[in-house]
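A.B. asks: What would the 3D arrangement of this be:
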Amino acid sequence: MTDATAELSPAAFGRRAAALLAASSEHLPRVLDVTLLGRRRELVLEDVAGPTLAELLGARRRLPPGEAVTIVISAVRAVTALHNAGYCGVQLGAELVAFDDAGTPMLLGLDEVAEIVLTGTQGPAEDWRAVAALADRLGLVAHGRAAGALGPAHVGLGLALATLTAGESEQAIERLESALFELAEPEPVRLDGVVAPPSAPAQSPLAERRRTAAHRRPSSSMLIEAFDAGPSALLARPVAEARARLRAAAGRVQGRARVFMIGLAIAAGLTIVAVALLPSHTSDGGSVQPGAQPPSAPVPAATAAATPSPTAASDAALMGGDPVAAVAVLVARRDACLKLAVEAGKSCLAAVADGQASDLTQPARPLAGLAPSLLERTGDSALIALTPKDRETAPASALMMRTEAGWRLRQLYEN
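C.D. replies: Down below sits the predicted model:
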């Protein structure tokens with residue numbers, strides 16, 4: 001088998017090695033040693049001989065809730081360990097989750113790890129979205145529940161995942177684990193009759209290195225001393241240099257931020273002066289007389305018909321403390337956005353979304369006629385049930401987040 005590590009950049013290799021060495025979790029492969037042979041770089045990892053989640057699902061199709069909870073809880077703890085070590089960018093595809101001989105889930109998708117100090121909050125948020133997708137694939141996310149009757153555990157799971165994508169905290173992680181435990185008691189994952197094909201191609205460079213270099217020793221005498229000293233000693237200098245670069249980058253970012261704010265203030269002042277000095281003109285070229293109202297710009301017919309006019313009551317509902325009152329305004333505006341052309345609709349939906357919202361065009365039907373009611377509220381997040389008035393219409397639900405601009409939509413669910 002051709003080893004893929006020869007093509008890996010030194011920076012990517014260093015990030016991956018540092019992340020695995022720094023993160024402490026039984027659900028991440030343990031680094032046994034590091035091998036450097038010229039341009040060839042290899043991580044020698046503890047063997048994970050069991051099948052992947054993809055092979056398990058191929059053999060059994062659907063897992064019991066208890067086994068699914070075990071897998072998702074393992075992913076949650078591995079992701080938390082990586083974040084605590086300062087790294088993010090884990091991949092949770094079914095082919096990148098494997099099991100050891102004891103059935104312990106292991107995460108192998110660490111090929112694109114990055115430092116959180118460089119990605120900002122977006123990196124960890126993407127990891128939690130990957131956890132949510134894994135939970136959904138394993139059947140732990142509620143779908144098709146009649147009349148929007150979500151159970152408390154499903155509500156807690158949705159709120160915890162939404163809160164984590166908005167901002168990670170220990171309390172949110174604890175709520176996520178509690179919601180998973182309420183869904184089902186964790187059970188050992190049964191691997192009976194599921195055997196990983198011995199010739200299966202590696203889906204991850206990490207996995208390939210694990211299979212091809214499990215017991216390889218370096219032949220170069222120059223590396224014997226470093227090899228015997230262990231992986232921490234071998235990587236001490238690259239890790240120290242990486243940390244120094246990160247600190248320097250953070251200082252440059254802070255300095256540039258101050259320069260940017262000063263420049264922004266100057267630009268704003270010049271803009272105000274320029275606007276004050278510009279003469280006003282009517283559409284026929286004449287100046288507007290003092291005290292006269294300038295003619296309003298014509299509004300496109302489609303936009304005028306579809307976009308609801310903002311009112312003081314609607315704005316007050318969005319800024320108020322009642323998410324049920326706010327969702328009625330947001331859903332009505334969202335429905336109006338669906339009637340616009342594609343580009344206009346995107347701009348329209350951005351005004352009702354919280355900045356990290358999923359695709360608000362789904363479900364692709366009006367929701368304003370459904371009766372809203374509060375399912376659960378946690379801090380600045382709330383889950384709202386949207387119940388139809390007739391049996392022919394499917395129910396829905398809305399996840400909302402309270403921002404500085406008021407209540408906004410995070411996600412809409414088709415129940």
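A.B. asks: and this structure, what are its domains?
C.D. replies: Taking automatic domain parsing as the domain assignment, the ranges for the chain are 1-257, 301-414.
A.B. asks: Dump those domains into CSV; add mean pLDDT and mean neighbour count as well.
C.D. replies: (Glycine included, C-beta is placed from N, CA and C.) Supplementary listing: those in CSV, determined by pLDDT from 0 to 100; neighbours: other Cβ atoms under 10 Å:
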stretch, mean pLDDT, mean neighbour count
domain 1-257, 74, 17
domain 301-414, 84, 17
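A.B. asks: At which residues are the helices of this protein located?
C.D. replies: Read by DSSP state H, the chain holds these helices, from start to end of the chain: 10-22, 53-60, 65-84, 116-119, 122-137, 152-166, 170-183, 205-212, 224-229, 231-277, 301-306, 312-319, 323-338, 342-350.
A.B. asks: Mind listing residues that contact the fifth one?
C.D. replies: Meaning helix 122-137. Residues outside helix 122-137 that contact it (Cβ atoms under 8 Å, 6 or more residues apart in numbering): 68, 71-72, 75-76, 79, 82-83, 88-92, 94, 97, 114, 116, 141, 157, 161, 164-166, 168, 180, 356.
A.B. asks: at 7 Å instead, please
C.D. replies: Taking contacts as Cβ atoms under 7 Å, 6 or more residues apart in numbering, the residues outside helix 122-137 that touch it are 72, 75-76, 79, 83, 88-92, 94, 114, 116, 141, 161, 164-165, 168, 356.
A.B. asks: what angle separates that helix from helix 53-60?
C.D. replies: Helix 122-137 and helix 53-60 meet at an angle of 10 degrees, taking axes from the mean of the first three to the mean of the last three Cα atoms, to 10 degrees as the criterion.
A.B. asks: CA-only coordinates of helix 122-137 in PDB, if you can.
C.D. replies: Backbone C-alpha positions of helix 122-137 (Å, rounded to 0.1, in the frame of the first residue of the first chain) are rendered in PDB as follows:
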ATOM      1  CA  GLN A 122     -16.500  29.300  13.500                       C
ATOM      2  CA  GLY A 123     -14.200  26.300  13.800                       C
ATOM      3  CA  PRO A 124     -15.700  24.800  17.000                       C
ATOM      4  CA  ALA A 125     -19.200  25.700  15.700                       C
ATOM      5  CA  GLU A 126     -18.600  23.500  12.600                       C
ATOM      6  CA  ASP A 127     -17.500  20.700  14.900                       C
ATOM      7  CA  TRP A 128     -20.700  20.800  16.800                       C
ATOM      8  CA  ARG A 129     -22.700  20.900  13.600                       C
ATOM      9  CA  ALA A 130     -20.900  17.700  12.600                       C
ATOM     10  CA  VAL A 131     -21.900  16.200  16.000                       C
ATOM     11  CA  ALA A 132     -25.500  17.200  15.200                       C
ATOM     12  CA  ALA A 133     -25.300  15.600  11.800                       C
ATOM     13  CA  LEU A 134     -23.900  12.400  13.300                       C
ATOM     14  CA  ALA A 135     -26.800  12.300  15.900                       C
ATOM     15  CA  ASP A 136     -29.300  12.800  13.100                       C
ATOM     16  CA  ARG A 137     -27.800  10.000  11.000                       C
END
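A.B. asks: Could you tell me the angle between it and helix 152-166?
C.D. replies: On the basis of the same axes, to 10 degrees, helix 122-137 is oriented at 160 degrees to helix 152-166.
A.B. asks: try the first one
C.D. replies: Orientation note: helix 10-22 sits at an angle of 140 degrees relative to helix 152-166 (the same axes, to 10 degrees).
A.B. asks: list the helices and strands helix 10-22 packs on?
C.D. replies: Contact partners of helix 10-22 among helices and strands, from 3 or more Cβ pairs under 7 Å, 6 or more residues apart in numbering; DSSP states H and E: strand 31-37, strand 40-45, helix 231-277.
A.B. asks: The shortest one packs against which elements?
C.D. replies: I take that to be strand 40-45. Partner elements for strand 40-45 (3+ Cβ pairs under 7 Å, 6+ apart): helix 10-22, strand 31-37, helix 205-212.
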